[in-house]
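Colleague: coords please:
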Amino acid sequence: MIRIVKKGEKLSEADVIGKYVLQELPYHFMSLGKPRIATKISGSRIYIDRERPILKDGLTALTGNGEREADGYVSLFSIRCVCETPDEVNAIVDASRRTMGEFNEFKARAVERVEAFDGMSIDAQFMPVPR
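Modeller: I've put the predicted structure just below:
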């Protein structure tokens with residue numbers, strides 16, 4: 001089961017140990033990534049392992065069978081998602097990738113919309129008047 005963690009929500013060892021934890025990425029939209037496997041909690045830290053992903057259809061994906069290596073720790077409060085299976089992680093990461101693509105398309109359309117006014121004047125009825 002996928003659990004989206006609200007900011008400020010407390011997590012216990014039972015909530016995260018042995019499960020995949022994801023952090024919110026620093027974009028202007030909700031995006032989750034950096035999947036790691038929680039191995040231990042100590043105070044406000046979650047110790048994590050990184051699973052080596054595979055390439056699937058040109059993108060990285062987790063299988064649950066990848067080689068694991070210790071990857072330090074992250075703040076317990078930085079966790080925004082907990083997943084139980086690699087398929088759940090892959091679905092969340094895929095949704096975040098798609099959102100980034102949609103966001104970039106939106107930004108490009110917004111720039112085009114504003115730049116279309118280049119060389120125009122606007123009359124009192126807010127209608128463009130070409131120069």
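Colleague: Tell me how far the residue nearest to E88 when sequence neighbours are not counted lies from C81.
Modeller: Spatial nearest neighbour of E88, chain neighbours left out: I2 (5.0 Å); criterion: C-beta to C-beta, 6 or more residues apart in numbering. C-betas here are computed from N, CA, C, even on glycine. Using C-beta to C-beta, to the nearest Å, I2 is found at 7 Å from C81.
Colleague: ok, the two, which is more surrounded?
Modeller: C81 (21 against 15; other C-beta atoms under 10 Å).
Colleague: average pLDDT across the lengthiest strand in the chain?
Modeller: Ranked by number of residues, the top strand in the chain under DSSP state E is strand 32-42. Averaging pLDDT along strand 32-42 gives 94.
Colleague: what pairs with the helix or strand following that strand, and is each one parallel or antiparallel?
Modeller: Using DSSP states H and E, the next helix or strand after strand 32-42 towards the C-terminus is strand 45-51. Paired strands of strand 45-51, with direction, are strand 32-42 (antiparallel), strand 68-75 (antiparallel) (DSSP bridges).
Colleague: in strand 45-51, what's buried?
Modeller: Of all the residues in strand 45-51, those buried under the rule 16 or more other C-beta atoms under 10 Å are 46-48, 50-51.
Colleague: what's across from the most centrally placed residue in the chain in the sheet?
Modeller: Geometric centre of the chain, nearest residue: L32, 2.0 Å, by C-alpha atoms, centre = their mean. Beta-bridge pairing of L32 under DSSP bridges involves E24.
Colleague: I figured it hits P26, correct?
Modeller: No: between L32 and P26 there is no contact under C-beta atoms under 8 Å: 11.6 Å.
Colleague: that older thread, in the longest strand of the chain, what's buried?
Modeller: 32-33, 35-39, 41.
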